[in-house]
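> attaching a predicted model along with its sequence, questions to come.
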2 protein chains.
Amino acid sequence: MFNQLGVIGCGLMGGSFALAMKKAGLVKHVVGYSKSPSTTEMAKRLGVIDQVAESALLAVSGADIVLLAVPVSATETTLKAIRHLISPKVLLMDVGSTKCDVVSAAQQALGKHIDSFVPAHPITGKESGGVQNADANLYQDCQVILTPLPQTRPALVQKATDVWSALGAQVLKMTPQNHDAAFAAVSHLPHLLAFAFFQSVAAQPAGRDYLSLAGPGFRDFTRIAASEPTVWRDILMANKAEVLVQSQRFRQALDALEALLKNDDAAALEARIRLISDARSQWQLAAPRPPK
Amino acid sequence: MFNQLGVIGCGLMGGSFALAMKKAGLVKHVVGYSKSPSTTEMAKRLGVIDQVAESALLAVSGADIVLLAVPVSATETTLKAIRHLISPKVLLMDVGSTKCDVVSAAQQALGKHIDSFVPAHPITGKESGGVQNADANLYQDCQVILTPLPQTRPALVQKATDVWSALGAQVLKMTPQNHDAAFAAVSHLPHLLAFAFFQSVAAQPAGRDYLSLAGPGFRDFTRIAASEPTVWRDILMANKAEVLVQSQRFRQALDALEALLKNDDAAALEARIRLISDARSQWQLAAPRPPK
């Protein structure tokens, strides 16, 4: 049980964390700060936070748990602004989708206080961001990846694990490097592909007509192309090297399928699709935790 | 109102058509044929068809409406098997996802009876095919594209339009060529990309681990990678030329996005993603018809 949660960045992720912590009875008081005053005001009005802070530093003042939920490119600046109030008693986490850059920014910004920082990445979200979409159940049944550093205080890693578990999430630990390699493959590249695909259809001469004919398959395939531009600019930039590695792998797989098409090798094409289709049919989202 | 519907291919599409026609009170009796006897037996047991036919020809015997719902590569053989019973009184339709190849097969197989054939493509489906997933509401609120030929009898085009409309679908007409170009863009290429992407992740050394971390974005982006192998072998083969044209457009869009990444041009990347994200947010599935 915490006394005070400081949320820096009262958007979908930060706002949902505040609501979830309250719903779980894990925190008494929530103080929030956002770069845009209208966001913080809305968070207050919607009951997502109890009190508006005028700065990131003031949101941390008196907090025993702090969640940084800003675009990853703002991590270093924000941590620099709050580092004076980070003590060993404070559990400091982020929710960024990339971890090597966040860890590097934290090392730059926090110096010796890096031991209070537990980097976290909850695998969840919605297409529609913003505090107006904050949801007390957003973290229920999702996975949360923690990427603690050698310096991270083990007690805080345990505390972080307990917090996310209490919100209904399944907690995994891995290195920042492994995290970024994995999410380049299963999240960052598909976003890039969805952006490229949607644009390639929309930008052609008959694109408008084509889009009016698209069905449910197209809808689901392109859903992530509606994702938030600044968030995805940051993620793709921060994890550029791994994303480009994955893109090369994807291009090789596409080349191989197209070669079967060009060679009229229907049997091999069917066999290849069958392997893929079977594997995808068997795949499922990580199972939620068994009920307590 | 029809007396007898002959369904050739009692899978998801054919079975759902039979159920929908019965539910709408548009047909008295349904006779079904499938290549696999166990499928036809199951269709009978599930009440999807009233009577099992021992051959495609027998399914057409006595029918005043015939639906061909077989993989598109089987179109010509099947139409040859039934052509002797196709008269001007019979409305003959297919449900194939490609139209140039189906029309060409129909011209080969039907000769002068081509005037009874109204090529149709309902834009709907489910990942899980088979008669066990047949659904009387599958065609409700979907679009159905008709690609009549100059020879097609106008009265049958009108009848086809009335049938699909009565099932709750929105009917559009276009040429087979325009149809195939459009669906290469909005359906066939995304399937190819989803197959390639899923394979590129699954086939890498850490693929198993990566797949266990994937979240809802991955789930939706790869949903169509679970599609039916023989159906998609046929579609991709039949519409190869248009699919490869669309793939080139996609690769150019991907190259352009990656160039921004490689050049660290964060501002241009964000601007590009914002255009795409806004356009995708505004896009929606074709609106269902206003209530009657």
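That came through fine. Residues are numbered from 1 along each chain as shown, chains lettered A, B, ... in the order given.

> ok, residue A:121 touching residue A:139?
No - the criterion here is Cβ atoms under 8 Å, and residue A:121 misses it with residue A:139 at 11.7 Å. Every C-beta, even on glycine, is put in place using the N, C-alpha and C of the backbone.

> list the contacts of residue A:14.
A:7, A:8, A:32, A:67, A:69, A:95, A:131, A:134 (Cβ atoms under 8 Å, 6 or more residues apart in numbering or on different chains).

> quickly find the element holding the spatially most central residue of chain A.
The residue lying closest to the centre of chain A (Cα atoms, centre = their mean) is residue A:97, at 3.9 Å. Per DSSP states H and E, residue A:97 falls between elements, in no helix or strand.

> distance of it relative to residue B:54?
58 Å (Cβ to Cβ, to the nearest Å).

> just residue A:55 next, same as before
For residue A:55, the distance to residue B:54 - Cβ to Cβ - is 81 Å.

> quick one: list the elements packing against the biggest helix by length in chain A.
Determined from DSSP state H, the single longest helix within chain A is helix A:240-262. For helix A:240-262, the packing partners by 3 or more Cβ pairs under 8 Å, 6 or more residues apart in numbering or on different chains; DSSP states H and E come out as helix A:176-183, helix A:189-202, helix A:266-282, helix B:189-202, helix B:240-262.

> go with 10 Å
When contacts are defined as 3 or more Cβ pairs under 10 Å, 6 or more residues apart in numbering or on different chains; DSSP states H and E, helix A:240-262 sits against helix A:100-110, helix A:176-183, helix A:189-202, helix A:229-238, helix A:266-282, helix B:189-202, helix B:229-238, helix B:240-262.

> got a list of what residue A:38 touches?
residue A:131 (Cβ atoms under 10 Å, 6 or more residues apart in numbering or on different chains).

> so it belongs to a strand, correct?
No - assessed with DSSP: H, G, I helix; E, B strand; the rest coil, residue A:38 is helix; it does not lie in a strand.

> quick one: it and residue B:46, what's the gap?
Separation of residue A:38 from residue B:46 (Cβ to Cβ): 56 Å.

> now swap in residue A:44 and tell me
56 Å.

> and the residue of the stretch 1-150 of chain A closest to chain B?
Nearest residue of the stretch 1-150 of chain A to chain B: residue A:123, at 4.0 Å (Cβ to the nearest Cβ).

> buried residues in stretch A:24-42, which are they?
Across stretch A:24-42, burial judged by 16 or more other Cβ atoms under 10 Å in any protein chain shown covers A:26, A:27, A:30, A:31, A:32, A:33, A:34, A:39, A:40, A:41, A:42.

> low-confidence stretches in chain A?
Under the criterion pLDDT under 70, the flagged ranges of chain A are A:127, A:287-292.

> how's it carved up into domains?
According to automatic domain parsing, chain A comprises the domains A:2-174, A:179-282.

> report the secondary structure state of residue A:62.
Once three-state DSSP is applied, residue A:62 turns out coil.

> identify the contacts common to residue A:121 and residue A:139.
Common neighbours of residue A:121 and residue A:139 (Cβ under 10 Å, 6+ apart) are residue A:95.

> re earlier: and residue A:44 and residue B:46? Which one has more around it.
residue A:44 (17 against 14; other Cβ atoms under 10 Å in any protein chain shown).

> where does that one sit, in terms of helix or strand?
Assigned by DSSP H and E, residue A:44 belongs to helix A:37-45.

> same check, this time on residue A:156
helix A:154-166.

> who touches the very next helix or strand once past that helix?
Downstream of helix A:154-166, the first helix or strand assigned by DSSP H and E is strand A:170-173. Under the contact criterion Cβ under 10 Å, 6+ apart, strand A:170-173 has outside partners A:118, A:120-123, A:141-148, A:157, A:160-165, A:179, A:286-289, B:212-213.

> can you tell me which of the contacts of residue A:14 are in helices?
Counting by DSSP H, those contribute nothing to helices.

> now do the strands in the stretch 1-150 of chain A.
For the stretch 1-150 of chain A, the strands defined by DSSP state E, counting those that start in this stretch cover A:2-8, A:27-33, A:51-52, A:65-68, A:91-94, A:117-118, A:120-122, A:143-146.

> save those strands as JSON lines, and put in distance to residue B:195 too.
Below are the strands of the stretch 1-150 of chain A laid out as JSON lines (distance: least, Cβ to Cβ, whole Å):
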{"stretch": "strand A:2-8", "distance to residue B:195": "41"}
{"stretch": "strand A:27-33", "distance to residue B:195": "44"}
{"stretch": "strand A:51-52", "distance to residue B:195": "49"}
{"stretch": "strand A:65-68", "distance to residue B:195": "38"}
{"stretch": "strand A:91-94", "distance to residue B:195": "35"}
{"stretch": "strand A:117-118", "distance to residue B:195": "38"}
{"stretch": "strand A:120-122", "distance to residue B:195": "28"}
{"stretch": "strand A:143-146", "distance to residue B:195": "25"}
